[in-house]
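Enquirer: Provided below for reference: sequence and predicted model.
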Amino acid sequence: MFSVLHVIIGILFIIMFVATGLYLKTLFPESNENYDAVRMMYRSSHIYLLLAALVNISFAIYFISFHNKIARNIQRIGSVLVLIAPIALLVAFIYEPVNQSFDRDITFYGILFILTGCVLHGVAKYIEIRLNNNAENNTSQQK
C-alpha cells in the first residue's frame with residue numbers, strides 16, 4: 001500500500017515540479033534585479049519539490065514492509081512524513097515567496113518531514129536486521 005502511495009505522490013510531484021518550472025519561466029522570463037530575492041525563493045522551493053518527489057519515488061522502489069511490528073510501525077510513520085512533505089513544500093512554494101520574508105517555516109517543516117522520514121526508515125531497517133540476527137542466533141544455539 002505505501003509503495004503505491006509513494007509512486008503516486010512521486011509522479012504527481014514530478015508533474016508539479018514541471019508545472020512550477022513553467023510557471024517560473026513565465027513569471028521571471030529574464031533576470032530582473034528588483035525581483036532577485038523573490039526569484040531565488042521561488043527557485044529554491046521549486047527544487048525542494050523535486051527533492052520530495054524523488055525521495056518518494058526512491059522509497060517506492062525499495063519499500064518492503066517489515067515483519068517486526070515495531071519496525072513496521074516506525075517505517076509507516078516515516079512513510080507518512082515523506083508522503084506529506086511534498087504537500088507542505090507545495091504550500092510553501094505558493095505562499096512563502098509572496099511574503100518576501102526569509103522566515104520560511106513551511107519549507108523548514110517540509111524538509112524536516114523528509115529528513116525525519118528517512119531517518120525513521122533507517123531506524124526501522126536497523127531494528128528489523130538486529131531482531132532477525134538475534135532470532136537466527138537463538139535458533140542456531142538451540143540446535
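Expert: Received, thanks.
Enquirer: so how far is whichever helix in the chain runs longest from its chain's centroid?
Expert: The longest helix of the chain (DSSP state H) is helix 105-142. With CA atoms, centre = their mean, to the nearest Å as the basis, helix 105-142 stands 16 Å off its chain's centre.
Enquirer: before we move on, what about stretch 43-52?
Expert: 10 Å.
Enquirer: quick one on the thing from earlier: mind listing what's buried along the longest helix of the chain?
Expert: 106-107, 109-111, 113-114, 116-118, 120-121, 123-125, 127-128 (16 or more other CB atoms under 10 Å). In short, each C-beta sits where N, CA and C put it, glycine included.
Enquirer: so which elements touch that helix?
Expert: With contacts taken as 3 or more CB pairs under 8 Å, 6 or more residues apart in numbering; DSSP states H and E, helix 105-142 sits against helix 36-62, helix 69-99.
Enquirer: nearest to Leu27, of the ones you listed?
Expert: helix 36-62 (7.4 Å; CB to CB).
Enquirer: thanks again, I'm all set now.
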